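[1] Can you look at this prediction? I've put the sequence above it.
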Amino acid sequence: MNVKNKVFLITGAATGIGAGITRALVKEGAKNVAVLDVNVDAGEALQNELNEKHGANKVLFIKCDVTQNLDSAFDEAMKQFGYIDVVINNAGIMNDAPHIYEKEIAINVTALITGSLKAYNWMRKDRDGKGGTIINISSIVALFQSPLLPVYSATKSAVLQFSNCLGRTENFSRTDVRVITICFGITDTNLIRGRIGCIDEESEEKMFAYLQKCPTQR
Ligand SMILES: NC(=O)c1ccc[n+]([C@@H]2O[C@H](COP(=O)([O-])OP(=O)(O)OC[C@H]3O[C@@H](n4cnc5c(N)ncnc54)[C@H](O)[C@@H]3O)[C@@H](O)[C@H]2O)c1
Ligand SMILES: CCCCC[C@H](O)/C=C/C=C\C=C\C=C\[C@@H](O)[C@@H](O)CCCC(=O)O
């Protein structure tokens, strides 16, 4: 994809993969990037770092919990930049613990679908838009059965299936909106550091031991 002079919105981009994508986009000549995240300190630090390096107002941090104020945060980005060419739904957590998994589904699935449909309705050329691209972040665990992360894996399979269905040729040909899914493998970010909540203690111990052996932990 040629990113030059394009406007991007990316959720969960204050740290990790999203922050890495943001850095790469501005380096490659993106016009603007709206960074949405709940982590205000990291989001503002990224905004300030990249604006100092690449020019004022290149990156705009907007505080956003994708389960609470996604709609108004997307509207704020649109108001600031006038159009969004590419929306990247990247915000995600990995925690299958009994008291957290519903939040995991809300962030990884519900908010991602809400963000995709909002972007789709903005961009579709059969509704006054000018086309665009939606990129949804899934995982390699969408593609095989991982015994240690059943809920997280289900959320990432849901992302893949939803995105592939929305992006089908029948939809693309009338809307000019491309929908792309990226299934990352293990990547060294906060997501895989420390202990990860699992469905029970046995799984949590196995997960901890597994991650200790990963090259990213060395
Ligand atoms: N790291 C990996 O191994 C890996 C592999 C495959 C896919 N992924 C996916 O990549 C995406 C990014 O994860 P990462 O590895 O960079 O982890 P990360 O924890 O560094 O980044 C996730 C970001 O999402 C933000 N976030 C969390 N909840 C939010 C909410 N409710 N609203 C707004 N922002 C919120 C966090 O503040 C954080 O900045 C996730 O969807 C994750 O599932 C990660
Ligand atoms: C395990 C880290 C999860 C990171 C999630 C991210 O989205 C990417 C994941 C990529 C690969 C994950 C592999 C997971 C494998 C484990 O579920 C399990 O199969 C390993 C077996 C360990 C054991 O049972 O002792």
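    It's in. Ligands and ions are numbered 1, 2, ... in the order given.

[2] and this protein, which of its residues are near ligand 2?
    Proximity of the chain to ligand 2, by Cβ under 6 Å from any ligand atom, involves residues 94, 139-141, 146-149, 185-186, 192, 206, 210-211. Placement of C-beta: from N, CA and C, glycine included.

[3] Buried ones among those?
    Taking 16 or more other Cβ atoms under 10 Å as the criterion, what is buried in those is 94, 139, 141, 148-149, 186, 192, 211.

[4] Could you identify the most distant pair in these?
    Greatest spatial distance among those (Cβ to Cβ): 139 and 211, at 14.5 Å.

[5] Sitting in strands, which of the residues of the chain next to ligand 2 do you find?
    residue 139 (DSSP state E).

[6] any chance of the residues of the chain next to ligand 2 in JSON lines, with pLDDT too?
    Compiled in JSON lines, these are given as follows (pLDDT from 0 to 100):
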{"residue": "94", "pLDDT": "98"}
{"residue": "139", "pLDDT": "98"}
{"residue": "140", "pLDDT": "97"}
{"residue": "141", "pLDDT": "97"}
{"residue": "146", "pLDDT": "87"}
{"residue": "147", "pLDDT": "94"}
{"residue": "148", "pLDDT": "96"}
{"residue": "149", "pLDDT": "96"}
{"residue": "185", "pLDDT": "96"}
{"residue": "186", "pLDDT": "95"}
{"residue": "192", "pLDDT": "93"}
{"residue": "206", "pLDDT": "96"}
{"residue": "210", "pLDDT": "93"}
{"residue": "211", "pLDDT": "92"}
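
[7] What are the boundaries of the helices in the protein?
    16-27, 40-54, 70-81, 101-105, 112-123, 150-166, 169-175, 201-212 (DSSP state H).

[8] In CSV: these, plus distance to residue 90.
    Shown next, in CSV, are the helices of the chain (distance: least, Cβ to Cβ, whole Å):
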stretch, distance to residue 90
helix 16-27, 4
helix 40-54, 13
helix 70-81, 13
helix 101-105, 15
helix 112-123, 9
helix 150-166, 11
helix 169-175, 22
helix 201-212, 21
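
[9] Ok, which of those comes nearest residue 33?
    Of those, nearest to residue 33 by Cβ to Cβ is helix 16-27, at 5.2 Å.

[10] which sections of this protein are below the confidence cut-off?
    Within the chain, the segments meeting pLDDT under 70 span 217-218.

[11] Residue nearest the middle of it, spatially speaking?
    residue 90 (0.5 Å; Cα atoms, centre = their mean).

[12] Does that residue touch residue 139 like I think?
    No - counting by Cβ atoms under 8 Å, residue 90 stays clear of residue 139, with 11.5 Å between them.

[13] Which positions in this protein make contact with ligand 1?
    11-12, 14-18, 37-39, 64-67, 90-94, 107, 137, 139, 184, 186-187, 189-192.
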